[in-house]
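Visitor: below are the sequence and a predicted model for it; my questions follow.
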Amino acid sequence: MGKFFTILLVLVFANHGYVERFSYAEKSKLDWSDFRGEPKVDSSFDASVNTGITYQWSISKDYGKIELKYEVDSFCYPSLSWVKKGQSTKYLLLHEQLHFDVSELHARIMRKKLKEYKPGKNVRKDLNKMYKRVERMRINMQEQYDLETDHSKNKTNQKKWEKKVKNLMWYYRAYAK
């Protein structure tokens, strides 16, 4: 997490605040052309997709009623995603796609939590805590996915994860963008 954040900061400042990205709402299905980063030749992995979630919010008071407005997105960062030469298989792309789906799943979970949230005295603190919890859940799920599938090598567990994520995406379908 710390390494990713540092890389992201360097890229943001090097590109005057911009890191190429697209949201799940813009493009939910990955293809190999989305993997534009330089492959990590010393990595034991054949590919890596870089995804994440962001949120923004504002609060207003109208006739004493507090209104919370928010925007939650899941993103893919093509310049931070890569694939080694000769490894661009359909099967591996499906594994990487599921990482993007897991990020979208957690964006939906965050939207649900925000919709259910009743603003109190410490809105900023409450929302930051909420986001950190969802982000921790997202990272844990990403790591568990790779662990259980052995980074796609365990085809039986890969199928189980595909079904699990599909079912969870369906469960949170009301919170899709």
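Guide: Received it, and whenever you're ready, just let me know what you need.
Visitor: so after whichever strand or helix holds residue 103, what's the next helix or strand?
Guide: Residue 103 is located in helix 90-116, with elements delineated by DSSP states H and E. On the C-terminal side of helix 90-116, the nearest following helix or strand under DSSP H and E is helix 123-149.
Visitor: which strands or helices does that following helix pack on?
Guide: In terms of contacts (3 or more Cβ pairs under 8 Å, 6 or more residues apart in numbering; DSSP states H and E), helix 123-149 is packed against strand 51-62, helix 90-116, helix 155-171. Just so you know, the C-beta spots here come from the backbone N, C-alpha and C atoms, and that holds for glycine as well.
Visitor: residue 73 reaches residue 25, doesn't it?
Guide: Yes - counting by Cβ atoms under 8 Å, residue 25 is a contact partner of residue 73 at 7.0 Å.
Visitor: which neighbours do those two share?
Guide: Jointly contacting residue 73 and residue 25 under the rule Cβ atoms under 8 Å, 6 or more residues apart in numbering are residue 177.
Visitor: the helix or strand of the chain with the lowest mean pLDDT: what's the following helix or strand?
Guide: Sorting the helices and strands of the chain by mean pLDDT, DSSP states H and E puts helix 2-14 at the bottom, at a mean of 43. Once the chain leaves helix 2-14, the next helix or strand it forms, by DSSP H and E, is strand 22-23.
Visitor: low-confidence ranges in the protein?
Guide: Counting by pLDDT under 70, the ranges of the chain that qualify are 1-17.
Visitor: hmm, back to that, in the helix holding residue 103, what's buried?
Guide: 92-93, 95-111, 113-114 (16 or more other Cβ atoms under 10 Å).
Visitor: please apply the same query to stretch 66-73.
Guide: Of the residues in stretch 66-73, those buried (16+ other Cβ under 10 Å) are 70, 72, 73.
Visitor: now, among those, which is nearest to residue 58?
Guide: Nearest to residue 58 out of the buried residues of stretch 66-73 is residue 70 (Cβ to Cβ; 7.8 Å).
Visitor: give me phi/psi at the closest one?
Guide: Dihedral angles of residue 70 (phi, psi; degrees, to the nearest 10) stand at phi -150, psi 160.
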